[in-house]
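A.B. asks: Turn this into a structure:
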Amino acid sequence: LASLGEQGPVDLQGGLLDGLPEGTAPHVARRDSPDVPNLPDGCHNFSSLGDDDLDEPLAWPYAVHCSGAGLPALPQLPDSARYAFLGHNNIAWLTPNAFVASINLHVLHLSENVITSLQNYTFWGLNALTELRLQQNAISSIDVLAFSGLTSLITLDLGQN
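C.D. replies: Sure thing, here's the model as predicted:
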């Protein structure tokens with residue numbers, strides 16, 4: 001079930017989406033829906049930005065664009081987020097299980113922050129993650145189980161730490 005705000009829950013498997021043009025993704029959760037957190041301050045909402053390599057738009061709530069927003073900590077990501085661009089901020093700390101609710105995330109960019117260490121299970125729950133970028137931080141310590149659960153990871157960038 002997905003929330004459509006005032007319209008109530010809608011069963012997305014009950015054939016309601018039949019007849020949509022191929023490649024069309026319905027907007028199933030409004031920004032002001034209780035199921036979707038508000039866009040964090042300093043972040044951007046690109047409503048139609050796309051990429052030839054991707055088959056869905058890089059727009060809220062599927063993508064969170066917070067690069068250069070001055071964030072001191074991780075923002076709350078919507079459950080629907082597939083892409084999180086959180087580079088060029090002041091994020092210093094990633095707690096264990098920090099992303100446990102972000103099970104749909106495929107791409108996570110945390111480059112150019114001030115992260116100094118990665119604890120065990122930091123990225124636990126990110127089973128769909130294929131790209132993790134942590135370059136240009138200050139990472140000097142990585143616990144042995146920090147990357148546990150990243151079963152789909154293809155790209156890991158830890159350069160310039």
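
A.B. asks: only C-alpha atoms for contact and neighbour calcs from this point on.
C.D. replies: Will do.

A.B. asks: Next, count neighbours for the nearest residue to L74 once chain neighbours are set aside.
C.D. replies: If the residues on either side of it in the chain are set aside, L74 comes closest to I91, at 6.6 Å by Cα to Cα, 6 or more residues apart in numbering. Here the number of neighbours of I91 (other Cα atoms under 10 Å) works out to 22.

A.B. asks: Mind pulling up the pLDDT for I91?
C.D. replies: On the pLDDT scale, I91 is placed at 97.

A.B. asks: For it, which residues are in contact?
C.D. replies: Contact partners of I91, counting by Cα atoms under 8 Å, 6 or more residues apart in numbering, are L71, P72, A73, L74, N113, V114, I115.

A.B. asks: Let me know the closest of the residues you listed to W124.
C.D. replies: Proximity of the contacts of I91 to W124, judged by Cα to Cα, is greatest for L74, which lies at 15.3 Å.

A.B. asks: From V144, how far out is that closest one?
C.D. replies: When distances are taken as Cα to Cα, to the nearest Å, L74 and V144 turn out to be 22 Å apart.

A.B. asks: So between these two, which is more surrounded?
C.D. replies: Regarding L74 and V144, a neighbour count based on other Cα under 10 Å identifies L74 as having more, with 19 against 11.

A.B. asks: Check whether the more buried one sits in a helix, strand or coil.
C.D. replies: Reducing the assignment at L74 to three states with DSSP: H, G, I helix; E, B strand; the rest coil gives coil.

A.B. asks: thinking again about what came up before, narrow the contacts of I91 to just the buried residues.
C.D. replies: Buried positions within those, assessed by neighbour count (16 or more other Cα atoms under 10 Å), are L71, L74, N113, V114, I115.

A.B. asks: Please narrow those to those residing in strands.
C.D. replies: Residues from the buried ones among the contacts of I91 lying in strands, with DSSP state E as the criterion: none.

A.B. asks: Give me the subset of the residues you listed lying in helices.
C.D. replies: For these, not one is inside helices, with DSSP state H as the criterion.

A.B. asks: Fine by me, thanks again.
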